[in-house]
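S.K.: Next come a sequence and a model predicted from it.
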Amino acid sequence: MADSAYGLWPLVILNTALFVLFAVSFFQPRSRRDWRVMGAFTAFLVALFTEMYGIPLTVYLLGSWLGARFPLLRDTHAGGHLWNDLIGWTGDPHLSPFHLTSYVAIGGGFWLIAVAWRHLHEAARTEHLATTGPYARVRHPQYDGFLLVMIGFLLQWPTIPALVMFPVLLIVYARLARNEEREVAARFGDQWTAYAAVTPAFLPRLRGRVDEQTGRSR
């Protein structure tokens, strides 16, 4: 290796475990569906941190193909920040626009997961449909939170396996969301129909909002 930033398998395990535990503490999974969400997220983290600290497979592949055109592509830890390499960023990679944006996305994703969980927990406690807080904007804010975290990691350290996994995880989360909606629709009936009619599943509308009490758009 060109530096000692790879082959650090204890760091792969430590970082994966740390972020999984962090996600569990925010998401607080209970059902089998919740654990499937966590399983998909964990697989993404394993693929990411394996290349971040284990074997830089993506750097090797791209370096052999694009090395002459992008000399910053090299098997060092700094070289793994591929977006920086491709635009010729020569400063501290942790202070690049991509990296700083990734901090916002990762932090915002975990915040969204935590806030959404509080509203969902309160709704479950009172046996009501969750329509307040982030649920006033989208029907699945916790899934959005996980996707934001993954996008944040891809902004700072894109890898071929993680980039391939990301659209697969989009499909997995969309299927889980549909299954969840069928169960909620069966339980809340017309209330769910009215809420779903004015509240998008994943992407919030730029204009208008859902009334947190009635579930109607305004």
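M.R.: Alright, I've got the coordinates.
S.K.: Contact partners for the closest residue to Leu48 other than its chain neighbours?
M.R.: In this structure, Leu48 finds its nearest non-sequential neighbour in Ala162, 5.0 Å apart by CB to CB, 6 or more residues apart in numbering. Glycine gets a C-beta too; all of them are placed from N, C-alpha and C. Neighbouring residues of Ala162 by CB atoms under 8 Å, 6 or more residues apart in numbering: 44, 47-48, 51, 150, 153-154.
S.K.: Could you measure from Ala162 over to Arg137?
M.R.: Computed as CB to CB, to the nearest Å, the Ala162 to Arg137 distance reads 27 Å.
S.K.: Equivalent analysis for Ala174, please.
M.R.: Plainly put, Ala174 is 18 Å away from Arg137 if you go by CB to CB.
S.K.: helices and strands of this protein: which one has the lowest mean pLDDT?
M.R.: The weakest-scoring helix or strand in the chain, judged by mean pLDDT, DSSP states H and E, is helix 57-66 (a mean of 61).
S.K.: tell me the phi and psi of Trp89?
M.R.: Torsion angles at Trp89 (phi, psi; degrees, to the nearest 10) stand at phi -70, psi 120.
S.K.: Give me the neighbour count for it.
M.R.: Trp89 is flanked by 18 other residues according to other CB atoms under 10 Å.
S.K.: Which per-residue confidence value corresponds to it?
M.R.: With respect to pLDDT, Trp89 scores 77.
S.K.: Any regions of the protein where pLDDT drops low?
M.R.: 1-5, 59-81, 207-218 (pLDDT under 70).
S.K.: where exactly do the strands run in it?
M.R.: Here the chain has no strands by DSSP state E.
S.K.: Do a quick rundown of the helices in it.
M.R.: 9-27, 32-49, 57-66, 82-87, 97-125, 141-156, 160-188, 190-198 (DSSP state H).
S.K.: The ones you listed: which one's closest to Thr131?
M.R.: Of all those, helix 190-198 sits nearest to Thr131, with 5.7 Å by CB to CB.
S.K.: The contacts of Ala162: which two are farthest apart?
M.R.: The distance between the two most remote of these (CB to CB) is 14.4 Å, for Glu51 and Met150.
S.K.: For the residue lying closest to Tyr173 once chain neighbours are set aside, list the residues it contacts.
M.R.: Nearest non-adjacent residue to Tyr173, counting by CB to CB, 6+ apart: Tyr143, 4.8 Å away. Tyr143 sits next to 37, 173, 176-177, 202 when contact means CB under 8 Å, 6+ apart.
S.K.: same deal with Thr50?
M.R.: Counting by CB under 8 Å, 6+ apart, Thr50 makes contact with 12, 161.
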